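*Asks:* pasting the sequence and the predicted coordinates here, then a few questions.
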Amino acid sequence: MEKSLALEPERIYNHKKGGDVGMEYRKLGNIQVSVIGLGTLRTFDVTSNSDVSRCRQIVDNCLASQVNLIDCASMYGTAEKVVGIT
């Protein structure tokens with residue numbers, strides 16, 4: 001019986017391959033992007049220093065988990081700027 005991927009806070013385990021294989025990636029054009037991405041539409045549309053600090057922690061956690069796909073756009077309010085300064 002084939003098991004599905006199990007998500008844990010620090011790593012993704014691929015049970016089909018029998019252990020920890022780190023983040024999985026897919027090809028997008030000429031680059032490899034993580035299968036898990038960070039969306040910033042509402043969470044990163046902030047202005048206070050405490051909220052920006054919280055966003056910085058979110059980005060740090062994503063990078064520590066090998067996430068390299070961050071969805072951001074100027075139409076998301078201040079989200080693009082906040083991602084840039086974190």
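*Replies:* Received it, and whenever you're ready, just let me know what you need.
*Asks:* list of residues touching the longest helix seen in the chain?
*Replies:* Criterion DSSP state H: the longest helix present in the chain is helix 49-64. Outside of helix 49-64, the residues within contact range by CB atoms under 8 Å, 6 or more residues apart in numbering are Glu10, Leu38, Thr43, Phe44, Val46, Ile70, Val82, Val83, Ile85, Thr86. For every residue, glycine as well, the C-beta is placed using N, CA and C.
*Asks:* mean confidence score for it?
*Replies:* What helix 49-64 shows for mean pLDDT is 95.
*Asks:* which helix or strand lies directly C-terminal to that helix?
*Replies:* strand 69-71 (DSSP states H and E).
*Asks:* tell me the buried residues in that next one?
*Replies:* Across strand 69-71, burial judged by 16 or more other CB atoms under 10 Å covers Leu69, Ile70.
*Asks:* for it, what is the average pLDDT?
*Replies:* Averaging pLDDT residue by residue across strand 69-71 gives 96.
*Asks:* also stretch 75-82?
*Replies:* Confidence for stretch 75-82, expressed as mean pLDDT, is 95.
*Asks:* just the CA coordinates of that stretch, formatted as CSV?
*Replies:* Output for stretch 75-82, consisting of C-alpha atoms alone and laid out as CSV, is shown next (Å, rounded to 0.1, in the frame of the first residue of the first chain):
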residue,chain,number,x,y,z
MET,A,75,-1.1,44.6,-6.3
TYR,A,76,-0.9,42.9,-2.9
GLY,A,77,-0.6,46.2,-1.1
THR,A,78,2.6,46.5,1.0
ALA,A,79,3.3,42.7,0.7
GLU,A,80,5.9,43.1,-2.0
LYS,A,81,7.8,45.7,0.0
VAL,A,82,7.6,43.7,3.2
